[in-house]
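Trainee: Can you look at this prediction? I've put the sequence above it.
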Amino acid sequence: MNTAPAPDSTPLRTPGFEPTPCRVDQRRPLLSARCRLAFLALILAQNNGAGRSAQASPDPTPGHPVLKAEAFRHYVDNFNREDRETVVNHIPNAAAWQWMSQNIPRFDCADKDLEEIYYFRWWTYRKHIKKTPDGFIITEFLPPVPWAGKHNSINCPAGHHFYEGRWLLDPQYLDDYALFWFRKGGEPRKYSFWAADSIHARSLVLGDDRIPRELLPDLIANYEAWEKSHLDECGLFWQNDGNDGMEVSIGGSGCRATINSYQYGDAIAISRIAERAGHPDLARTWRAKADALRHLVLTRLWDPEARFFKVLPRGKSTLADVRELHGYTPWYFNLPEPAMSVAWRELMDPTGFYAPFGPTTAEQRHPSFAVAYAGHECQWNGPSWPLATSVTLTALANLLNRDSQDIIGKADYWKTFQCYLRSHRFRQLPPQPAEREITGALSETDAARPSALNDGGARLDRIETRQPWIDENLNPYSGDWIARTLLKQRRQPPDERGKDYNHSTFCDLVITGLVGLRPRPDDIIEVNPLVPEGTWDYFCLDGVRYHGRTLTILYDRTGTRYRRGAGLQVLLDGQSVARSDSLQRLTAPAAHAESPKPAASD
């Protein structure tokens with residue numbers, strides 16, 4: 001049986017911070033009872049007047065952070081209190097807040113459920129930062145699993161790891177992780193993996209392409225190895241659905257939109273890295289390779305009647321007869337023609353992919369569509385998977401930022417995001433009758449039940465709570481975590497295999513989608529929020545490290561939340577560089593903005 005490693009007994013030394021001891025000030029005299037009552041009355045009066053703005057603790061002083069990190073600590077305190085640490089890697093729960101306060105962008109918005117899950121997903125990502133003799137890596141599963149490689153590494157979601165983690169202030173984690181895959185014993189071709197694209201995408205945030213340029217020969221060799229092993233005679237790449245990370249799919253194995261889009265994205269990334277490295281001939285060669293593959297995807301994998309990208313079985317000339325969610329993957333890499341955006345009608349169609357807890361992985365009208373509680377616990381013939389939802393939302397954001405079309409819009413992006421957000425709660429809802437069934441929604445005060453959630457036993461009451469949770473796959477209609485339910489029923493180890501599963505993105509979707517910061521290789525800041533106008537009265541993303549500068553993006557409908565004026569605004573190193581009265585695309589130069597003047601001392 002696989003068991004989790006024992007926590008390292010040496011003191012935690014996370015790059016970029018040192019724990020600060022807590023001290024109790026014993027010199028302060030106690031207030032009298034009358035003074036305490038008066039003080040309490042004053043605080044209540046202030047809170048009643050200020051509302052939720054008191055929590056955000058905005059600082060209107062130019063050059064200062066807009067949001068105070070401490071205002072969000074209560075989220076992490078709650079996560080820690082409700083959690084049972086089954087595996088401890090480099091940063092234990094006890095150090096989670098201090099690490100987060102020094103490494104992630106702060107986020108405040110009018111939707112407190114979404115705000116909570118933003119911090120929850122950084123809290124879970126932190127659990128997967130693992131220090132090894134080969135440097136830091138990011139894991140998919142917390143407990144060891146037998147199909148993993150060195151140090152419990154799995155390359156299947158590594159592209160998501162780079163996209164999500166590119167916003168961390170400390171670069172060492174992903175610097176090490178990138179080198180691991182190609183020089184420290186990683187297996188970059190065990191599963192499909194958009195390696196060059198995701199490593200290059202991270203450099204667009206950093207404004208530093210040192211790692212991509214250093215790895216350029218490795219990225220080229222990796223692509224060429226894919227060509228030797230997985231290039232079909234038709235010119236497209238093929239993959240088994242299981243090695244695509246999508247077992248038991250309806251479309252099955254063959255030339256799939258997934259791996260071919262990944263390879264297109266990698267060829268484009270290699271071309272851009274080569275251009276930046278001063279190799280124009282090499283850049284042209286790889287651009288031509290990408291263009292040739294794109295032509296084959298557009299002509300061989302697009303079904304003009306179904307108006308969707310599908311699987312082409314090897315040796316066949318006819319596409320599979322099913323639309324699957326991975327058919328949106330080409331938009332993740334900006335591959336399709338504008339006219340092909342008609343495929344996005346299926347996302348919001350209840351007979352297509354739309355479901356209350358995330359889009360289904362196959363169209364619901366298909367006769368082989370299933371949400372099964374038998375056989376393999378990880379099926380891609382119907383259940384919702386956060387990995388695929390992340391790809392779909394990134395792809396949709398690209399479409400909404402690139403092409404003018406009337407098929408799908410910001411309201412649909414928001415509705416799909418809300419389904420994804422809704423899925424991030426603990427639900428154990430096996431379909432069979434239970435001994436005790438909870439009817440109706442639980443109140444928030446009833447939500448925290450750690451002993452019931454984490455007892456590790458085979459007893460499976462029907463439980464639905466407000467506890468934040470991320471696992472493997474979902475029943476798209478009830479929100480039950482299917483693989484977890486089946487593994488518990490079967491008493492199959494390891495304990496809580498999918499708990500805090502690191503197989504998708506969330507924070508990157510908030511930053512690049514809802515808030516709308518669009519990473520670019522040049523020194524232009526581009527912001528295009530996908531939050532529909534009138535949905536939120538305010539939001540603020542603060543402390544973003546972008547191209548070596550500190551970026552803040554805020555929207556304040558009335559100007560009273562952050563006290564920096566009404567509307568949408570971009571701050572660079574604390575100074576306003578772009579603003580608008582409404583939620584619309586903004587651009588501003590980053591390279592030549594004037595540095596902020598130091599704040600005057602009191």
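Mentor: Received, thanks. Numbering: from 1, shown residues only.

Trainee: Any idea which residue is closest to the centre of this protein?
Mentor: With distances taken as CA atoms, centre = their mean, Thr505 lies nearest the centre of the chain, 1.4 Å away.

Trainee: these two touch, right, that one and Gly159?
Mentor: No. Assessed by CB atoms under 8 Å, Thr505 is found out of contact with Gly159, at 9.3 Å. The C-beta positions use only the backbone N, C-alpha and C, and glycine is treated the same way.

Trainee: hmm, back to that, could you look up the SS state of the residue nearest to the centre of the chain?
Mentor: Assigned state for Thr505: coil (three-state reduction, DSSP: H, G, I helix; E, B strand; the rest coil).

Trainee: Quick check: it vs Ile470, distance?
Mentor: Distance from Thr505 to Ile470, counting by CB to CB, to the nearest Å: 11 Å.

Trainee: end to end, how far does stretch 338-356 reach?
Mentor: End-to-end span of stretch 338-356 (CA to CA, to the nearest Å): 28 Å.

Trainee: Let me see the mean pLDDT of that stretch.
Mentor: Averaged across stretch 338-356, pLDDT comes to 98.

Trainee: which residues touch that stretch?
Mentor: Stretch 338-356 is contacted from outside by 298, 302, 307-309, 323, 325, 327-328, 336, 359-360, 363-365, 384, 392, 396, 399, 403-405, 407-408, 412, 415-416, 419, 422, 476-477, 479, using CB atoms under 8 Å, 6 or more residues apart in numbering.

Trainee: Any buried residues in it, and which?
Mentor: Neighbour-count burial for stretch 338-356 flags 340-341, 343-344, 346-348, 352-355 (criterion: 16 or more other CB atoms under 10 Å).

Trainee: do the same with stretch 561-572
Mentor: Going by neighbour count (16+ other CB under 10 Å), the buried part of stretch 561-572 is 561-562, 564, 567-572.

Trainee: wait, which of the residues you listed is closest to Ala221?
Mentor: Nearest to Ala221 among those, counting by CB to CB, is Leu572 at 38.8 Å.

Trainee: The closest one contacts Leu586, correct?
Mentor: No. With contacts counted by CB under 8 Å, Leu572 stays clear of Leu586, the gap being 11.8 Å.

Trainee: Show me the common contact partners of the two, please.
Mentor: By the contact definition CB under 8 Å, 6+ apart, Leu572 and Leu586 are jointly contacted by Ile525.

Trainee: where does the stretch 301-450 of the chain dip in pLDDT?
Mentor: 432-450 (pLDDT under 70).

Trainee: Please, where are all the helices along it?
Mentor: 329-332, 386-402, 410-422, 450-453 (DSSP state H, counting those that start in this stretch).

Trainee: Run the chain-centre distance for the third one.
Mentor: Chain-centre distance of helix 410-422: 14 Å, with CA atoms, centre = their mean, to the nearest Å.

Trainee: list the helices and strands that helix packs on?
Mentor: helix 112-127, helix 386-402 (3 or more CB pairs under 8 Å, 6 or more residues apart in numbering; DSSP states H and E).

Trainee: Would you format those helices as CSV with distance to Ala148 and mean neighbour count included?
Mentor: Below are those laid out as CSV (distance: least, CB to CB, whole Å; neighbours: other CB atoms under 10 Å):
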stretch, distance to Ala148, mean neighbour count
helix 112-127, 16, 22
helix 386-402, 16, 23
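
Trainee: According to the record, where do the domains of this protein fall?
Mentor: Per automatic domain parsing, the domain ranges recorded for the chain read 41-73+509-589, 231-256+301-424, 426-489.

Trainee: measure the shortest one end to end?
Mentor: With CA to CA as the measure, the ends of domain 426-489 fall 17 Å from one another.

Trainee: ok, now the second one?
Mentor: Taking CA to CA, the first and last residues of domain 231-256+301-424 lie 38 Å apart.

Trainee: ok so Cys540 is a strand residue?
Mentor: Yes. Counting by three-state DSSP, one finds Cys540 located in a strand.

Trainee: any idea how far it is from Gly565?
Mentor: Cys540 is 13 Å from Gly565, by CB to CB.

Trainee: okay, and the common contacts of these two?
Mentor: Common neighbours of Cys540 and Gly565 (CB under 8 Å, 6+ apart) are Asp556.

Trainee: Throw the helices and strands packed on helix 410-422 into JSON lines and include distance to Tyr177, thanks.
Mentor: Shown next, in JSON lines, are the helices and strands packed on helix 410-422 (distance: least, CB to CB, whole Å):
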{"stretch": "helix 112-127", "distance to Tyr177": "12"}
{"stretch": "helix 386-402", "distance to Tyr177": "18"}
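
Trainee: For Glu377, find the nearest of those.
Mentor: Judged by CB to CB, the one of these that comes nearest to Glu377 is helix 386-402, at 15.1 Å.

Trainee: need the next SSE after the least confident helix or strand in the chain by mean pLDDT, C-terminal direction.
Mentor: One helix or strand of the chain scores below all others by mean pLDDT, DSSP states H and E: helix 450-453, with a mean of 34. Note on helix 450-453: by DSSP states H and E, the next helix or strand toward the C-terminus is strand 463-468.

Trainee: how distant is that following strand from the center of its chain?
Mentor: Worked out by CA atoms, centre = their mean, strand 463-468 lies 21 Å from the chain centre.

Trainee: again, but for stretch 139-148
Mentor: 19 Å.

Trainee: tell me the mean pLDDT for that stretch?
Mentor: 98.

Trainee: Could you report the neighbour count for His160?
Mentor: By other CB atoms under 10 Å, the residues close to His160 number 24.

Trainee: doesn't it fall inside a strand?
Mentor: No. His160: not assigned to a strand; according to three-state DSSP it is helix.

Trainee: For it, which residues are in contact?
Mentor: With contact taken as CB under 8 Å, 6+ apart, His160 is in contact with 198, 387, 390, 502-505.

Trainee: What is the nearest of these to Ala590?
Mentor: The closest of the contacts of His160, once distances to Ala590 are taken by CB to CB, is Ser198, at 22.5 Å.

Trainee: quick one: Asp495 and Pro143 touch, right?
Mentor: Yes. Contact between Asp495 and Pro143 holds when scored by CB under 8 Å: they sit 7.0 Å apart.

Trainee: my read is Ser198 is in a helix, agree?
Mentor: Yes. According to three-state DSSP, Ser198 belongs to a helix.

Trainee: what are the ranges of the strands in this protein?
Mentor: All strands of the chain, identified by DSSP state E, fall at 106-109, 129-132, 135-138, 302-303, 308-309, 425-428, 463-468, 524-527, 538-546, 549-556, 567-572, 575-580, 586-589.
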